[in-house]
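Q: Sharing a model prediction with you, sequence too.
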Amino acid sequence: MTIITLDTPSAKPLLDWYDRHHRDLPWRVSPGMAARGIKPDPYHVWLSEVMLQQTTVQAVKPYFEKFLQRWPEVTDLAAAENDAVMAAWAGLGYYARARNLKKCAEAVAKEHGGAFPDTEEGLKSLPGIGDYTAAAVAAIAFNRQAAVMDGNVERVISRLYAIETPLPAAKPAMKEKVALLTPAARPGDFAQAMMDLGATICTPKRPACSLCPFRGACEALKLSDPELFPVKAAKKEKPVRYGAAFVAVTGDGEILLRRRIDSGLLGGMTEVPTTAWTARIDGETSAAAAPFEAAWQACGTVTHVFTHFELRLSIWRAAIATKIGADGWWEPVTNLEAQALPTVMKKAIAAAIPLAFKTSKG
């Protein structure tokens with residue numbers, strides 16, 4: 001195996017490794033496929049990159065395949081109903097991404113004739129596309145020499161150069177190193193190779209250094225334990241917020257749901273009535289805050305961890321003889337899987353109605 005050295009930086013050893021050991025992913029054009037003249041589909045690359053943010057490959061695969069089945073082209077996604085897109089996204093989290101996904105598809109369809117711009121600058125002009133996604137799509141879909149840096153690449157670079165500056169302050173220096181290493185030839189494969197290397201070899205714990213094409217050049221391996229990198233700033237303890245959720249069910253098995261406002265946390269998603277909790281303030285937790293008077297029964301507490309805080313919801317359930325005219329609509333419990341319910345709301349409903357969801361998605 002050819003080993004890269006820092007005094008003669010080269011992408012070749014990594015690309016050679018990638019040719020042999022790349023992951024087969026549903027949105028990826030492998031080196032063998034590329035050799036047969038098959039080119040990456042920018043829609044597939046963009047969709048997968050948006051889905052993969054803050055989410056694992058295994059979690060994304062079924063969502064990616066489901067989206068392509070329903071909306072095979074970006075123009076199909078652009079024409080879709082917002083509620084249908086939000087429902088299909090439910091469970092992936094970070095729901096602002098789903099709203100931006102729809103807006104971006106609409107912009108590509110309306111302003112670019114259904115074709116994605118092929119440069120970083122053009123891609124960044126689209127709704128919801130930032131520096132990372134623009135670089136990833138430009139490199140992978142259009143073979144532009146763009147510096148692509150996700151969490152896996154950060155780990156590889158931090159170890160390769162033994163970067164001691166803690167994250168996130170180290171990100172600019174890391175990106176400079178990635179830019180220097182990114183070759184003019186096969187930049188898309190290089191970006192994916194770096195991601196694969198971080199995901200399969202240069203892992204957070206017990207990296208398989210003996211199998212790494214960078215092992216001869218890795219400063220972290222020479223100086224100390226690679227697991228010490230990347231250096232991370234001390235984590236702040238997440239605040240805990242409190243609130244209540246109210247699950248009202250009729251005798252014929254319908255549940256009261258409502259739609260959250262488009263802006264803010266879980267914007268545009270479906271929920272059972274809850275109190276006014278946010279990332280910064282607590283909501284009421286007692287039955288006195290229920291949307292209407294009923295014999296509300298306590299069903300315990302569910303906990304859900306968001307990026308910046310932990311939420312603890314007191315769950316209340318009421319059996320309703322007749323539908324009450326309340327803000328929202330009454331939905332059959334048997335149809336809940338088709339609703340745009342975020343995971344925290346599924347937890348709340350399941351606490352009150354244990355068999356509401358036949359399969360749990362976490």
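A: Ah, there it is.
Q: now the strands for the chain?
A: 240-250, 254-259, 270-271, 297-305, 310-320, 329-332 (DSSP state E).
Q: can you redo these as TSV with mean neighbour count?
A: C-beta: built from backbone N, CA, C; applies to glycine. Formatted as TSV, the strands of the chain follow (neighbours: other C-beta atoms under 10 Å):
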stretch	mean neighbour count
strand 240-250	21
strand 254-259	20
strand 270-271	21
strand 297-305	14
strand 310-320	20
strand 329-332	15
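Q: out of the ones you listed, nearest to Lys66?
A: strand 270-271 (17.9 Å; C-beta to C-beta).
Q: neighbouring contacts of the closest one?
A: Under the criterion C-beta atoms under 8 Å, 6 or more residues apart in numbering, residues 86-87, 245, 257-260, 339-342, 345 lie in contact with strand 270-271.
Q: Check those against Trp329 and report the nearest one.
A: Leu257 (6.0 Å).
Q: what's the burial count for Tyr43?
A: Counted with other C-beta atoms under 10 Å, residues neighbouring Tyr43 total 25.
Q: Contact partners for the residue nearest to it when sequence neighbours are not counted?
A: With C-beta to C-beta, 6 or more residues apart in numbering as the criterion, Tyr43 has its nearest non-adjacent residue at 4.5 Å, and that residue is Val74. By C-beta under 8 Å, 6+ apart, Val74 lies in contact with 43, 46, 105, 108-109, 114, 116.
Q: I'd like the strands of the chain as a markdown table, with distance to Ala199 appended.
A: As requested, the strands of the chain are exported to a markdown table (distance: least, C-beta to C-beta, whole Å):
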| stretch | distance to Ala199 |
| --- | --- |
| strand 240-250 | 32 |
| strand 254-259 | 37 |
| strand 270-271 | 33 |
| strand 297-305 | 23 |
| strand 310-320 | 28 |
| strand 329-332 | 39 |
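Q: mind checking which of these is nearest Pro26?
A: Checking the strands of the chain against Pro26 by C-beta to C-beta gives strand 270-271 as the closest, at 27.8 Å.
Q: Run through the helices of the protein in chain order.
A: Along the chain, counting by DSSP state H, helices occupy 12-21, 31-35, 42-52, 57-70, 74-79, 82-89, 96-111, 120-124, 131-142, 151-160, 171-181, 187-200, 219-223, 343-352.
Q: out of those helices, nearest to Val305?
A: For Val305, the closest of these is helix 343-352, at 9.4 Å, according to C-beta to C-beta.
Q: For Pro342, give me the pLDDT.
A: pLDDT for Pro342: 92.
Q: Output the below-cut-off pLDDT ranges for the chain.
A: 1-9, 325, 358-362 (pLDDT under 70).
Q: domains in it, as residue ranges please.
A: 12-228, 240-352 (automatic domain parsing).
Q: In CSV: these, plus distance to Ala234.
A: What follows is the domains of the chain, written out as CSV (distance: least, C-beta to C-beta, whole Å):
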stretch, distance to Ala234
domain 12-228, 8
domain 240-352, 16
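Q: so what's Ile157 closest to, chain neighbours aside?
A: Counting by C-beta to C-beta, 6+ apart, the residue nearest Ile157 is Met174, at 4.7 Å.
Q: Could you do Ala321 as well?
A: In space, Ala321 is closest to Gly251, 6.4 Å off (C-beta to C-beta, 6+ apart).
Q: number of nearby residues for that neighbour?
A: Other residues close to Gly251 by other C-beta under 10 Å number 9.
Q: what's the answer for Met33, then?
A: Neighbours around Met33, by other C-beta under 10 Å: 12.
Q: same check, this time on Leu223
A: Neighbours around Leu223, by other C-beta under 10 Å: 12.
Q: my read: it touches Ile163, true?
A: No - applying C-beta atoms under 8 Å as the test, Leu223 and Ile163 come out as separate, 11.6 Å apart.
Q: Mutual contacts of those two, please.
A: Counting by C-beta under 8 Å, 6+ apart, nothing touches both Leu223 and Ile163.
Q: Report the separation between the residue nearest to Thr334 when sequence neighbours are not counted and Asp225.
A: Distance criterion C-beta to C-beta, 6+ apart; nearest residue to Thr334, sequence neighbours excluded, is Gly253 at 6.9 Å. Gly253 is 57 Å from Asp225, where distance means C-beta to C-beta, to the nearest Å.
Q: Of the two, give the one with the bigger neighbour count.
A: Gly253 (14 against 10).
Q: For that one, list the residues it contacts.
A: Going by C-beta under 8 Å, 6+ apart, the list of residues near Gly253 reads 332-334.
Q: so how far is Ala169 from it?
A: Using C-beta to C-beta, one gets 54 Å for the distance from Gly253 to Ala169.
Q: What is the burial count for the nearest residue to Ala135 once chain neighbours are set aside?
A: In space, not counting the residues next to it along the chain, Ala135 is nearest to Ala146; the distance is 4.0 Å by C-beta to C-beta, 6+ apart. A count of neighbours around Ala146, defined by other C-beta under 10 Å, yields 25.
Q: Okay, Ala146 and Gly267: tell me how far apart.
A: Applying C-beta to C-beta to Ala146 and Gly267 gives a distance of 30 Å.
Q: Pretty sure His308 sits against Glu237.
A: No - look at His308 against Glu237 with C-beta under 8 Å: they stay out of range, at 11.3 Å.
Q: These two: who's more crowded?
A: Per other C-beta under 10 Å, whichever of His308 and Glu237 has more neighbours is His308, with 12 against 7.
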